[in-house]
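Colleague: here you go, sequence then predicted model.
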There are 10 protein chains.
Amino acid sequence: MELETFPNPRPGRTFSITHVNPEFTSVCPKTGLPDFATITLEYVPDATCIELKSLKYYYLEFRNKGIFYEAVTNQILDDLVAACNPNWMKITAEFSARGGIHSVIEAEYVKE
Amino acid sequence: MELETFPNPRPGRTFSITHVNPEFTSVCPKTGLPDFATITLEYVPDATCIELKSLKYYYLEFRNKGIFYEAVTNQILDDLVAACNPNWMKITAEFSARGGIHSVIEAEYVKE
Amino acid sequence: MELETFPNPRPGRTFSITHVNPEFTSVCPKTGLPDFATITLEYVPDATCIELKSLKYYYLEFRNKGIFYEAVTNQILDDLVAACNPNWMKITAEFSARGGIHSVIEAEYVKE
Amino acid sequence: MELETFPNPRPGRTFSITHVNPEFTSVCPKTGLPDFATITLEYVPDATCIELKSLKYYYLEFRNKGIFYEAVTNQILDDLVAACNPNWMKITAEFSARGGIHSVIEAEYVKE
Amino acid sequence: MELETFPNPRPGRTFSITHVNPEFTSVCPKTGLPDFATITLEYVPDATCIELKSLKYYYLEFRNKGIFYEAVTNQILDDLVAACNPNWMKITAEFSARGGIHSVIEAEYVKE
Amino acid sequence: MELETFPNPRPGRTFSITHVNPEFTSVCPKTGLPDFATITLEYVPDATCIELKSLKYYYLEFRNKGIFYEAVTNQILDDLVAACNPNWMKITAEFSARGGIHSVIEAEYVKE
Amino acid sequence: MELETFPNPRPGRTFSITHVNPEFTSVCPKTGLPDFATITLEYVPDATCIELKSLKYYYLEFRNKGIFYEAVTNQILDDLVAACNPNWMKITAEFSARGGIHSVIEAEYVKE
Amino acid sequence: MELETFPNPRPGRTFSITHVNPEFTSVCPKTGLPDFATITLEYVPDATCIELKSLKYYYLEFRNKGIFYEAVTNQILDDLVAACNPNWMKITAEFSARGGIHSVIEAEYVKE
Amino acid sequence: MELETFPNPRPGRTFSITHVNPEFTSVCPKTGLPDFATITLEYVPDATCIELKSLKYYYLEFRNKGIFYEAVTNQILDDLVAACNPNWMKITAEFSARGGIHSVIEAEYVKE
Amino acid sequence: MELETFPNPRPGRTFSITHVNPEFTSVCPKTGLPDFATITLEYVPDATCIELKSLKYYYLEFRNKGIFYEAVTNQILDDLVAACNPNWMKITAEFSARGGIHSVIEAEYVKE
């Protein structure tokens, strides 16, 4: 599904937008077992903002996809940067414990 | 309703004022369903402070108004800056979850 | 009542003292209704420290006094600075909700 | 057991990885009694990332080993730096109370 | 009782050690009533570290000693600095409420 | 809007259903100001269950309706009992503070 | 001030009403110092309910009144039973710590 | 996948077993969107106990299955009762919010 | 010190009084090390109530006394029953962890 | 190691003793991986009480022993009943999550 955007309603001001999704799930490519995460998207928009409903459907596409922690976090960042060309963006992915260890991956983009 | 102000009781000092309103509600222009948010106003006054009761009535005017997250946060900041001409002001709007995703918008003003 | 002080027991060192009073109450000059606040005093003493029992009695003098949020916070800071001449001092006053909105006032003093 | 690594999936970007293990246990060399800790590993990978399952087995090797708080924290940092040659790494070890006192050791590595 | 130390197991690295004691008690010199505090010791060792059991016995010596908040915090810092000659040390003493007010004293040492 | 129901999927068993709505709002008939509540519906179905989406729209009808705490709680109970004829039902309405006092109304229905 | 009541809106049903006031304060008759409490009123109305605003003003009358914990709790119960003649009523008064000890008094009335 | 069981290790004693799964997910048959729940299984075994790994795989079979809240809770209870023939069993399913409302379904079985 | 009492202010009603002391400390007779506990006293008075300040001084007498968990809890119950002859009384003593294990002793008295 | 006991200090009274051990660990016989649990022991003593230090050493014997959840909980109950012949005893074992599912086993003994 396509990520949709809408024009920034206040283009002359630096402000930040955060969307927290505690219901992200994908599949571990090694074991075939599901992974669960809270994905936090934070960004400072440039000309466009990400439309919330299309963001939700974008996340749903990972439900049955096999992908590792480090890879999925970076891919989400790349996809969302490509979609809205922000001034700044950060993805924080907090995964549920596996084997007693829980993990957090953080990746950040700054427009040059 | 008019936002009222009163003279800063200690104009020679930089100090900050925070008003937290956990009972903000407006309407989504797309679905017609209500949105709920906690609006946190922080500012450093210049010559005038915002009167608390008129602030409350100002927020109530959004109850049946259709407006998006990003727009309402920036409009509140613009209105309150216009009302009291502060040295610094910040609005943080924390919205309840919609479609499993909850959102926070932060916008800031600095007097030049 | 007079605010009492005692000599700084370790004048050669920069250290900080915090006293948190969750039982502060004054009266709203507009409605005559009581206000409740937690007052946090933080300071770096110079030659003298504030005596705790006299601080408690100082706060009690506001119990039936009509005074606004912004004014009371700045007055407490002025009174305590005058009493002990500190290197740095900060007052944080967190007021209970009125009309659904709760408020925090922060004021700071730095010796020049 | 050998610590395994895999290639960094996004080598051109500075991003961080955190693995929290609340089930670490070793043995006090003085008393022979078990110690319990939460070990938090944070790092910014260079060319390789630490494989999660081998990390778990690495931690299990301390289960019956006699080693002091300060020593074990530094050894884990040295072993993990050696395994994946990161740009930055930090170990935080939060130990359960012994004799009513609980302890935290933090050690950090920065690649020069 | 003597504060004991042991050699820093990793002298070539800057790392920090924290010991939290929620069971500190001394006596108010004015009222003769007991005071209760959580004492947090944080330091960056130089050549030696403080031995945990002797630290516990050191704290126990204050149990029936009359001493004020500000004085005891600074004395602990002085004693522990003298014992292990650290690169940096901080004592945070959080006292239970007296007369409805609870207090925190923080004192810091930096080796020059 | 009509409250919709669907057939109990397991009519031979006594089981309970709870729906918690933290976003209920109505209007105080005296002051015209909004009230906010969390409404918890608990019931043991007989032949039919309440459909969740129609329940949501039912609650939305109170948004601009003037009604007191005690009345609204009992009316919701009456309406929902009429809609699905349950074996047992309970409404708990927890209202936000007004004038510093927050209120809870609980009403229960048992089929005879 | 008079405690006001209004007719029970649903006289044929047993239901309960709770009003929680975290801002109660009175004065200790022995020391002259203020006491602070959260007063929880729970009752099952008979023919009348207690009006919330008059309840608030009733509590305010204790602000400068000297009265002990056990006495004030029982007096509130007696006054409120006299005002609305309920089927059942309970007062729970949770007092802030004095001398390090905090206290709770609970008193209950059942109509015979 | 088959639910596996093992013999009760202490058949002469009434004792209870609880397994909490915070990572249950199924699909809403109406919208096709995922539902998320914490499923708590409590039971008193008779001759056999449910094997934990096969329970995990049993829950995973619902990942892409369309089924309503009330139906899935009762089906899990029926399946697990059939698998181990317990003396008593209860399923509690706590679902994440949908449309601002979160739901809990509880179903219980008692051997006659 | 003597435990003081005062006449029950409402002798015709069954009501309960709770005093929570989080600052109890005694000494372990075996190790000589201090024990720390929160002592909760709950009772239903008959003709007399326990005076709060004398209760505080009663607890202070244990500060340097060697006594085991089970013994101290029962002794406090015996002493307080003897002092005020209540209709019902319960002591709950929650001790801080020793050797990683924390303990709670509960003892109850019912007048026959 | 032998579980030690000491004579009940108040044999004429029914009272309860609770010891909570958050640092229990054993080994899964199937995978060889460690299990972690909080073991809560509650009992009403008859003639003897369990000595705390020997209880700690008793628990330590499970550190490298392979045993299932259900079996270990019942064995601890059997061993402790045998050691002190109580009037009532209950063991609650709360295990850390394995495969995303955490488990609680409760077993109880009543003297006939």
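Modeller: Yep, that arrived. Numbering: from 1, shown residues only, chains lettered A, B, ... in the order given.
Colleague: what separates A:R63 from chain B, distance-wise?
Modeller: 13 Å (Cβ to the nearest Cβ, to the nearest Å). Any C-beta I mention is one placed from the backbone N, CA and C, and that applies to glycine too.
Colleague: contacts only, for that residue.
Modeller: A:R63 sits next to A:25-26, H:34 when contact means Cβ atoms under 8 Å, 6 or more residues apart in numbering or on different chains.
Colleague: out of those residues, flag the one nearest to chain B.
Modeller: Checking these against chain B by Cβ to the nearest Cβ gives H:P34 as the nearest, at 8.7 Å.
Colleague: OK, contacts around the closest residue to A:I101 other than its chain neighbours?
Modeller: In this structure, A:I101 finds its nearest non-sequential neighbour in D:N21, 4.8 Å apart by Cβ to Cβ, 6 or more residues apart in numbering or on different chains. Contact partners of D:N21, counting by Cβ under 8 Å, 6+ apart, are A:100-101, D:38-41, D:55-56, D:59.
Colleague: what about 7 Å?
Modeller: Contact analysis of D:N21 by Cβ atoms under 7 Å, 6 or more residues apart in numbering or on different chains lists A:100-101, D:38-39, D:59.
Colleague: could you export the top strand by length along chain A as CSV, CA atoms only?
Modeller: Looking across chain A with DSSP state E, the single longest strand is strand A:15-27. Presented in CSV, the C-alpha positions along strand A:15-27 are these (Å, rounded to 0.1, in the frame of the first residue of the first chain):
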residue,chain,number,x,y,z
PHE,A,15,7.4,21.7,14.9
SER,A,16,7.4,18.0,15.7
ILE,A,17,4.9,15.1,15.1
THR,A,18,5.0,11.8,17.0
HIS,A,19,3.0,8.7,16.2
VAL,A,20,3.3,5.7,18.6
ASN,A,21,2.1,2.3,17.4
PRO,A,22,2.2,-0.3,20.2
GLU,A,23,0.7,-3.0,17.9
PHE,A,24,3.4,-3.7,15.4
THR,A,25,4.2,-7.3,14.6
SER,A,26,6.4,-9.1,12.1
VAL,A,27,8.0,-12.5,11.8
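Colleague: what strands line up against the next helix or strand after it, and which way round?
Modeller: Under the assignment DSSP states H and E, the closest C-terminal helix or strand after strand A:15-27 is strand A:34-44. Paired strands of strand A:34-44, with direction, are strand A:15-27 (antiparallel), strand A:88-98 (antiparallel) (DSSP bridges).
Colleague: run the chain-centre distance for the last one.
Modeller: Okay, so that is strand A:88-98. Chain-centre distance of strand A:88-98: 8 Å, with Cα atoms, centre = their mean, to the nearest Å.
Colleague: what of stretch A:54-66?
Modeller: Centroid displacement of stretch A:54-66 relative to its chain, using Cα atoms, centre = their mean, is 10 Å.
Colleague: average pLDDT for that stretch?
Modeller: Mean pLDDT, computed over stretch A:54-66, is 96.
Colleague: how about it: buried residues?
Modeller: Of all the residues in stretch A:54-66, those buried under the rule 16 or more other Cβ atoms under 10 Å in any protein chain shown are A:54-56, A:58-60, A:62-63.
Colleague: what do you get for stretch A:65-78?
Modeller: For stretch A:65-78, by 16+ other Cβ under 10 Å, it's A:67-70, A:72-77.
Colleague: can you pull the contacts of the residue in chain A that chain F sits nearest to?
Modeller: Per Cβ to the nearest Cβ, A:P22 is where chain A lies closest to chain F, at 15.8 Å. By Cβ under 7 Å, 6+ apart, A:P22 lies in contact with A:T38.
Colleague: what's the answer for A:P7, then?
Modeller: Applying Cβ under 7 Å, 6+ apart, the residues near A:P7 are A:47-48.
Colleague: who does it bridge with?
Modeller: Assessed by DSSP bridges, A:P7 has beta-bridge partners A:T48.
Colleague: low-confidence ranges, chain A, go.
Modeller: Residue ranges of chain A with pLDDT under 70: A:1.
Colleague: most centrally placed residue in it?
Modeller: Nearest residue to the geometric centre of chain A (Cα atoms, centre = their mean): A:I76, 4.5 Å.
Colleague: what about the longest helix in chain A?
Modeller: Ordering each helix of chain A by length in residues (DSSP state H) puts helix A:69-84 first.
Colleague: for the closest residue to chain J within chain A, give me its contacts.
Modeller: Of all residues in chain A, A:A97 sits closest to chain J, at 6.1 Å by Cβ to the nearest Cβ. A:A97 makes contact with J:A97, according to Cβ under 7 Å, 6+ apart.
Colleague: from B:D78, how far off is the most far-flung residue of chain A relative to its centre?
Modeller: For chain A, the C-alpha farthest from the mean C-alpha position belongs to A:G12; by Cα atoms, centre = their mean, that distance is 25.2 Å. Counting by Cβ to Cβ, to the nearest Å, the separation of A:G12 from B:D78 is 11 Å.
Colleague: please consider this matter closed, and thank you.
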